[in-house]
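Here is a sequence together with a model predicted from it:
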Amino acid sequence: MTTSIASGTGKLQFGETVCGGQSCRQASRVSGIAFQRCMPKKLSWPYGVSKFLGIQRCNYSYFQISENQRPLRTIIAACLKDDSTKYFDFSVIGSGVAGLRYALEVAKYGTVAVITKAEPHESNTNYAQGGVSAVLGPSDSVESHMRDTMIAGAYLCDEETVRVVCTEGPERIRELIAMGASFDHGEDGNLHLAREGGHSHRRIVHAADMTGREIERALLEAVVKDPNIFVFEHHFAIDLLTAQECSETVCLGVDTLNTETQEVVRFISKVTLLASGGAGHIYPTTTNPPVATGDGMAMAHRAQAVISNMEFVQFHPTALADEGLPVTPIKARENAFLITEAVRGDGGILYNLGMERFMPLYDERAELAPRDVVARSIDDQLKKRNEKYVLLDISHKPREKILSHFPNIAAECLQYGLDITCQPIPVVPAAHYMCGGVRAGLQGETNVRGLYVAGEVACTGLHGANRLASNSLLEALVFARRAVQPSIDQMKSSHTGNGASDWWARPVVPRSLGINILGKINTRTREVRKQLQSIMWKYVGIVRSTTRLETAEQRIGELELEWETDLFQQGWEPTTVGIEVCEMRNLFCCAKLVISSALARHESRGLHYTIDFPHLEESKRLPTIIFPCSPVNSTWSSRQLHHQQMC
C-alpha cells in the first residue's frame, strides 16, 4: 500500500510504501491526475477532498432483543436461486443504524439482503450510550454545531460534509421519532437535550444512557415488518466480489460464511452498502463488541477502495476499569464497559487516586474538553503516578438525577459493589472509534462502482482528526439516507445477470484438514491475535513516536509472516475460510493501515499525537490517503482473492 499526505503544492507526497509487512519507505511525487485514473469519472467528493485529489466535483449519476422475541427472518425465498447463491437488488453488510436505516429506504425499490455477522442487534449502535447530536434547541444553530465539530476535529474536517450533516441531522432525528424511537423528554414536554464534551450547547438527544439500543430496537422492528428485507444472521462477510470493467472496479456482491452451518453463501447484488462498523479489536481493550474486527475496512482495501485517515483512532477516555471495582468481575469482558461522555457533561469530575482534580491542569475546558485531550490527560496521569486507573465522580449530583440519567451504568456498577450515587467510578481509556475508513463522497459513494459505505467503516470527512461526541450516530443516519438515491439509480442501470455467480472461484471450508489440525490453527490464531493487540497498545496507542511505530511495523510484519507460513504449512489455502482465521487476516490488515497512516503524518493533530512531531502544522492539514492503484502488500491479509476481468 502507499500512504500519502498532500504537500502544499497541490501534489501528493508519498509517505511510505509497505511491502510484505516490511517498510520500503520512499519519497516521490505524483500529480493528482495519476490518482484520478483509479477513480470513477463521477464522484460527489466533498470540495476539500476534491481539491486535494485534483479531481472535478460532480453529481453521481448513475436494544437488546429479548431471548423470546426472535421474529427476524433468516430467509430462503423467491429471490434466492439456491442455498449457496442468492440474488438481491441490494446487499447491506452490517445491521447497525446505518445499515438498517438504508435498508428500510431502498426496500421501497427492490429486494434487500441484510447480512450480519452475529445477532442483528449485536453492533456498535447497540452499545452507544450517550445519544445523537442535532440542532433542536432554540438557542442552538447549525453554525455552532459546525464550529464545535471543526474544533474537535482539529480543523481536518471537510467543511462541506460538516455543513451537510449538521443541516440534515434534525430531520433524521424526526424520522426516527416518527418510526417509533422513544427519546427522553423534559418536564416541559420537549426533548431533553444533554451536553457532552466539546459541545457549546445542549444538543444531545438521548434515551437515558441506552440511546443506541433504543434506536436499534425501533429500526429492527421496522425491518421485521418489511416484506422486501431479508435478514441473514450469523453470516460472516469474507470478501467483496469485484470485476474490472475497463479501467473501473465494480462491486457485484459478497461472499459470506454461514457460521452456524459452515457453508459458504454467495450474494450477487446490483448495489452493496458496507456498514460493518469499526476495528476496535486491533487493541486489547475496546468498548466495541466482539464483531468489530475491521472486516469491512479490510475487505474494501482488498477490493481497491480508497482508505483515508486511519491514524485517527479515538480512545474513549472513560471505560470502566474492572480492577478498580470493589468486586472484580470473575470473567474477563470481551469488550470494555463504556462510561458515557454524558457523565462528564452532567458535571462528573475526574480525579487521580490521590483525589486531586487534574483536568484543569491540561485544558481550560476541564472535563468538557474533547475526547482526545481527556484521554491523553488521563494517560499522562497514569504514567506519571504509576497508577492503573483514575476516578470519575458524579456522586455530588442528586441521587434521583443520577439514576434517571444513567440507569444502565448504575446497574452495571452495582453488580460489583459500586454505588455511583455515593462512590466514584474507576475509569481508564479504551479503543473506541475509528475516525478513518473507506473514503466516501457526499452520497456515500466510493471509488468502486456499486459500493457505498456508511457508519464507522466510512471516512466521510465529518470527524477529521477527532470525532465530536455523539456525532457518529448522526453521521450514520445522514449518510445512510444520502446513499439511497444514487443506489437506486445504480440498481436500475445495472445489468448484472445470473451468470455472474460463476465468475469467481468459491471459498472453501477446511473440513478436509480434520479436527486436530483445525484446533491447532485456531489455538495459534488466538495467541497471535493477543500478540497483535499487545503490540498495537504498546507501540500504537494514545501517545506515539516514530521509533515505536517502526517497531510495531516490523514486529507485526514478522508476526504476520510467521502466522501465515504456519497456516499454509498446515494445509490452509488462499481460498480456505474460517471465521477466526479470516478475522485475524482483517485485524492484521487494519493494524497495518493504522501504522502506515501514522508514519506518514509528521505532526500531532487530534487523535494522532507523536512526541517526534509534537506540534500542529498548518501545511499538513490534509487527509491521509492510501491509494488503491499502488501495489498492495504481498501478504495474504492484504491480497484480494476475487477479481474478475470484464473487458
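Sure, I can see it.

Could you list the single helix or strand in this protein with the lowest mean pLDDT?
The weakest-scoring helix or strand in the chain, judged by mean pLDDT, DSSP states H and E, is strand 29-30 (a mean of 22).

name the element V264 belongs to?
strand 263-274 (DSSP states H and E).

go on, A103?
Short version, using DSSP H and E: A103 is in helix 97-106.

Packing partners of that helix?
For helix 97-106, the elements it packs on are strand 85-93, strand 112-115, helix 211-225, strand 263-274, helix 472-482, helix 484-493, judged by 3 or more CB pairs under 8 Å, 6 or more residues apart in numbering; DSSP states H and E. Where you see a C-beta, it was placed from the backbone N, CA and C, and this is true even at glycine.

partners of the shortest one, with directions?
Looking at strand 112-115 with DSSP bridges, its partner strands are strand 85-93 (parallel), strand 229-232 (parallel).

Please name whichever of the ones you listed is nearest to R333.
Closest approach to R333 among these is made by strand 85-93 (26.1 Å; CB to CB).

Off-centre distance for the closest one?
When distances are taken as CA atoms, centre = their mean, to the nearest Å, strand 85-93 is centred 22 Å away from the chain's centroid.

what angle do it and helix 97-106 make?
For strand 85-93 against helix 97-106, the angle by axes from the mean of the first three to the mean of the last three CA atoms, to 10 degrees is 120 degrees.

from here on, count from 571
Done: numbering now begins at 571, and the last item shifts to strand 655-663.

Strand 655-663 - what's its average pLDDT?
The average pLDDT for strand 655-663 rounds to 96.

then that strand to PDB, C-alphas only?
Output in PDB follows, covering the C-alpha atoms of strand 655-663 (Å, rounded to 0.1, in the frame of the first residue of the first chain):
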ATOM      1  CA  THR A 655     -26.100 -18.400  -4.300                       C
ATOM      2  CA  LYS A 656     -28.600 -15.700  -3.600                       C
ATOM      3  CA  TYR A 657     -29.600 -12.700  -5.800                       C
ATOM      4  CA  PHE A 658     -30.800  -9.400  -4.500                       C
ATOM      5  CA  ASP A 659     -31.100  -5.900  -5.700                       C
ATOM      6  CA  PHE A 660     -29.300  -4.600  -2.700                       C
ATOM      7  CA  SER A 661     -26.900  -6.200  -0.200                       C
ATOM      8  CA  VAL A 662     -26.300  -4.500   3.100                       C
ATOM      9  CA  ILE A 663     -23.300  -5.700   5.200                       C
END
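
Would you mind listing the outside residues contacting it?
Contacts with strand 655-663, where a contact means CB atoms under 8 Å, 6 or more residues apart in numbering, come from 649-651, 669-670, 672-673, 676-677, 679-685, 800, 807, 823-824, 835-846, 866, 1057, 1061, 1068, 1071.

Show me which of the residues you listed are buried.
Neighbour counting by 16 or more other CB atoms under 10 Å classes 649-650, 669-670, 672-673, 676-677, 679-685, 800, 807, 823-824, 835-846, 866, 1057, 1061, 1071 among these as buried.

phi, psi of A1000?
For A1000, the backbone dihedrals (degrees, to the nearest 10) come out as phi -150, psi 150.

hmm, back to that, would you reformat the helices and strands packed on helix 667-676 as TSV and include distance to D892?
What follows is those, written out as TSV (distance: least, CB to CB, whole Å):
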stretch	distance to D892
strand 655-663	32
strand 682-685	33
helix 781-795	22
strand 833-844	33
helix 1042-1052	25
helix 1054-1063	42
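
Minimum distance to R773: which of these has it?
Of all the helices and strands packed on helix 667-676, helix 1042-1052 comes closest under CB to CB, at 10.0 Å.

how about the strands paired with strand 682-685, which one is nearest V1164?
Closest of the strands paired with strand 682-685 to V1164 is strand 655-663, at 21.3 Å (criterion: CB to CB).

what angle sits between the closest one and strand 833-844?
For strand 655-663 against strand 833-844, the angle by the same axes, to 10 degrees is 40 degrees.

Now do strand 655-663 against helix 1054-1063, angle only.
Here strand 655-663 points in a direction 160 degrees away from that of helix 1054-1063 (the same axes, to 10 degrees).

which stretches of this protein aren't confidently modelled?
The chain contains residues with pLDDT under 70 at 571-652, 690-700, 1066-1069, 1198-1204, 1210-1217.

what do you get if the cut-off is 80, keeping everything else the same?
571-653, 689-700, 767, 779-780, 816, 1065-1072, 1198-1217 (pLDDT under 80).

can you give me the strands for the stretch 971-1120 of the chain?
In the stretch 971-1120 of the chain, the strands defined using DSSP state E, counting those that start in this stretch lie at 995-1004, 1007-1009, 1021-1023, 1028-1029.

Report the secondary structure state of the residue nearest to E1026 when sequence neighbours are not counted.
Leaving aside its chain neighbours, E1026 sits nearest to G848 (4.2 Å; criterion: CB to CB, 6 or more residues apart in numbering). The assignment at G848 comes out as coil when based on DSSP: H, G, I helix; E, B strand; the rest coil.
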